[in-house]
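Asks: I would like to see how this sequence folds:
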Amino acid sequence: MYCQLDKTQVNSLIKKYGSPLYIFHTAEFEENYYKILNAMRAIYSKYNIAYSYKTNYTPKICECVKNLGGYAEVVSEMEFELAKKIGYDCAHIVYNGPVKGNGLFEHLSNGGVANIDSIDEMKTVVNFAQKNPRTNIRIAFRVNIDIGQGY
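Replies: You can find the predicted model right below:
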């Protein structure tokens, strides 16, 4: 159950269950979500939020983001399957991360966007596109620019 708690209630829960304890404040999350969304849309009208499942894939939180109109940002097949189970279609899932697995091809075939992280991954996507010429492939690129930091 997710609800708003005051400090007294939080301290009572910590005494009862111990620490660490994860408490999710739905109302504050939604308020922050809309503040970020509206601030960005004031500049970029097509902006949307893609919630990182890697950060916290608790289903109730992911459902909250979906209900607010946000996208799912996933980095593994497990997260991809969770997003679909929650009810996302591929068009509202951003597939990210260095090891996407076979879910990538299902995702691309169904209108999803994938963030391409390497030349090898790009070759894999190009090969897939050549074998599926009628499929509209939606990709983004992760670009790492050498700015002379010596790394």
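
Asks: need the contact list for the nearest residue to residue 101 once chain neighbours are set aside.
Replies: Among residues not flanking residue 101 along the chain, residue 77 sits closest, at 4.5 Å (C-beta to C-beta, 6 or more residues apart in numbering). In short, each C-beta sits where N, CA and C put it, glycine included. Residue 77 makes contacts with 100-103, as judged by C-beta atoms under 8 Å, 6 or more residues apart in numbering.

Asks: check the secondary structure at the residue nearest to the spatial centre of the chain for me.
Replies: In the chain, the C-alpha closest to the average C-alpha coordinate belongs to residue 73, at a distance of 1.8 Å (C-alpha atoms, centre = their mean). When classified by DSSP: H, G, I helix; E, B strand; the rest coil, residue 73 comes out as strand.

Asks: I'd assumed residue 52 was in contact with it.
Replies: Yes. With contacts counted by C-beta atoms under 8 Å, residue 73 reaches residue 52, the gap being 4.9 Å.

Asks: elements contacting the helix ranked longest in the chain?
Replies: Residue-count comparison of every helix in the chain, with assignments taken from DSSP state H, identifies helix 26-41 as the longest. For helix 26-41, the contact count by 3 or more C-beta pairs under 8 Å, 6 or more residues apart in numbering; DSSP states H and E identifies helix 59-68 as packing neighbours.

Asks: mind listing what's buried in the helix it packs on?
Replies: 61-62, 64-66 (16 or more other C-beta atoms under 10 Å).

Asks: same question, stretch 110-129
Replies: Of all the residues in stretch 110-129, those buried under the rule 16+ other C-beta under 10 Å are 112-117, 121, 125.

Asks: with stretch 27-40 instead?
Replies: Burial within stretch 27-40, assessed by neighbour count using 16+ other C-beta under 10 Å, is assigned to 33, 37.

Asks: ok, residues contacting it?
Replies: Under the criterion C-beta under 8 Å, 6+ apart, residues 4, 47-49, 61, 64-65, 68, 70 lie in contact with stretch 27-40.
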